[in-house]
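[1] Can you look at this prediction? I've put the sequence above it.
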Amino acid sequence: MSEFSQSYHLLGSKEKAIELINLAGEQGFVFEDNNRWTTFVILGDEFRPSDSIVESNRELLVHYVYAEDHGWSLSIFKQSALIFKFDCSWDETNIEDFDEEELIEMFGDGEVSAPSVEIFDLDVIRKLVEEAGNDSSDLEVLFTKDPEVIFTMESPCAYQIAEKLGILNYAWISADSLDEDDGFYKNVIKV
């Protein structure tokens, strides 16, 4: 089974994460914070940042997606402003090969949109990595889109970036997996 992970990481306490989910009118699960980041997921996510979460955000927020056989993405918001976005796909799927009906089925809610433009400011990541007390010297190679480089790495680029940011909960985490078996995950609060 391939990994499909999607999570949010709030620079702040679990109370702030719970407040954000409630303010956005969403439901989800919040993990214990690690004195830096609080991980949470929301029900019904579609592998892109939730408009209601982003619009309600008052802190620094990371949206993390890792789809093992397809690619990964990282978006960072300061309040509701997108300040960093990176998408990497190694999937052979070309969105232009599908008609509108197939796209609506693939993306669920019918709000099909063109891929977003990247906002790639490595200084944003570098600062967060250094604030977490980690080495930022090899960041450029971790944001590669070269499949030959990606598939020779010991662990996925997405994992390495999450670890450098100081995020603890990122692998095999999604609202669907938590909703099906919340007993598997320790210290998770349903909101």
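    Happy to help now that I have it.

[2] Regarding Thr152, what is its secondary structure?
    coil (DSSP: H, G, I helix; E, B strand; the rest coil).

[3] and it, how many neighbours does it have?
    By the criterion of other Cβ atoms under 10 Å, Thr152 has 8 neighbours. No exception for glycine: its C-beta is placed from N, CA and C like everyone else's.

[4] Asp176 now?
    13.

[5] So it lies in a helix, does it not?
    Yes: judged by three-state DSSP, Asp176 forms part of a helix.

[6] so how far is Glu55 from it?
    Applying Cβ to Cβ, to the nearest Å, the value for Asp176 to Glu55 is 23 Å.

[7] and if you look at Ser13?
    21 Å.

[8] Neighbour count: the two, which is higher?
    Set side by side, Ser13 and Glu55 show more neighbours around Ser13, with 15 against 12, by other Cβ under 10 Å.

[9] Not counting sequence-adjacent ones, nearest residue to that one?
    Of all residues not flanking Ser13 in the chain, Asp33 sits nearest, at 5.4 Å (Cβ to Cβ, 6 or more residues apart in numbering).

[10] mind listing what the one you found touches?
    Shown in contact with Asp33 (Cβ atoms under 8 Å, 6 or more residues apart in numbering): Gly12, Ser13, Lys14, Ala17.
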